[in-house]
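Asks: The sequence and its predicted three-dimensional model are supplied below.
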Amino acid sequence: MSFSDFSSWPREQEQSFVVYEQQQAESQKKAYMLGGIIGAVFLVFMVGIYAGVTPEKKDLTKDMNMSNLSKKQKADAPAATPAPEAEKK
């Protein structure tokens, strides 16, 4: 990677910035490396949780009484009682 001749400034002045460009490049490499390591550790941690922990199984339908929903009303069953009429005065 070339750290010089990137602007229209004089060569001597441009050379004074090479140190900062090198430091920036090294910092960027360290940041990518650290981010990759942390990402890999997090991935291994999440895969370990996914593979190692079984979810709790609950049967929510065991207490439901579905027979009252599936049977039809009998024809001779009494109809619902009508609402009482208001008393006349």
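Replies: Perfect, thanks for sending it.
Asks: gap between the residue nearest the centre of the chain and Val18?
Replies: By Cα atoms, centre = their mean, the chain has its centre lying nearest to Met46, at 12.2 Å. Using Cβ to Cβ, to the nearest Å, Met46 is found at 42 Å from Val18. Bear in mind the C-beta positions are built from the backbone N, C-alpha and C, glycine included.
Asks: if we can go back for a sec, contacts only, for the residue nearest to the centre of the chain.
Replies: By Cβ atoms under 8 Å, 6 or more residues apart in numbering, Met46 lies in contact with nothing.
Asks: tell me which element it falls in.
Replies: Using DSSP states H and E, Met46 falls within helix 18-52.
Asks: Might you calculate how far that helix sits from the centre of the chain?
Replies: 21 Å (Cα atoms, centre = their mean, to the nearest Å).
Asks: count of neighbours near Phe45?
Replies: 10 (other Cβ atoms under 10 Å).
Asks: Just the C-alpha atoms of stretch 16-34, please, in CSV.
Replies: The C-alpha trace of stretch 16-34 is given here as CSV (Å, rounded to 0.1, in the frame of the first residue of the first chain):
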residue,chain,number,x,y,z
SER,A,16,4.7,14.3,7.0
PHE,A,17,1.3,12.5,6.9
VAL,A,18,2.7,9.1,6.1
VAL,A,19,3.0,8.3,9.8
TYR,A,20,-0.7,9.0,10.4
GLU,A,21,-1.7,6.9,7.4
GLN,A,22,0.3,3.9,8.6
GLN,A,23,-1.2,4.3,12.1
GLN,A,24,-4.7,4.4,10.6
ALA,A,25,-4.0,1.3,8.5
GLU,A,26,-2.7,-0.6,11.6
SER,A,27,-5.6,0.4,13.7
GLN,A,28,-8.1,-0.7,11.0
LYS,A,29,-6.4,-4.1,10.8
LYS,A,30,-6.6,-4.5,14.6
ALA,A,31,-10.2,-3.4,14.6
TYR,A,32,-11.2,-6.0,11.9
MET,A,33,-9.2,-8.7,13.7
LEU,A,34,-10.9,-7.9,17.1
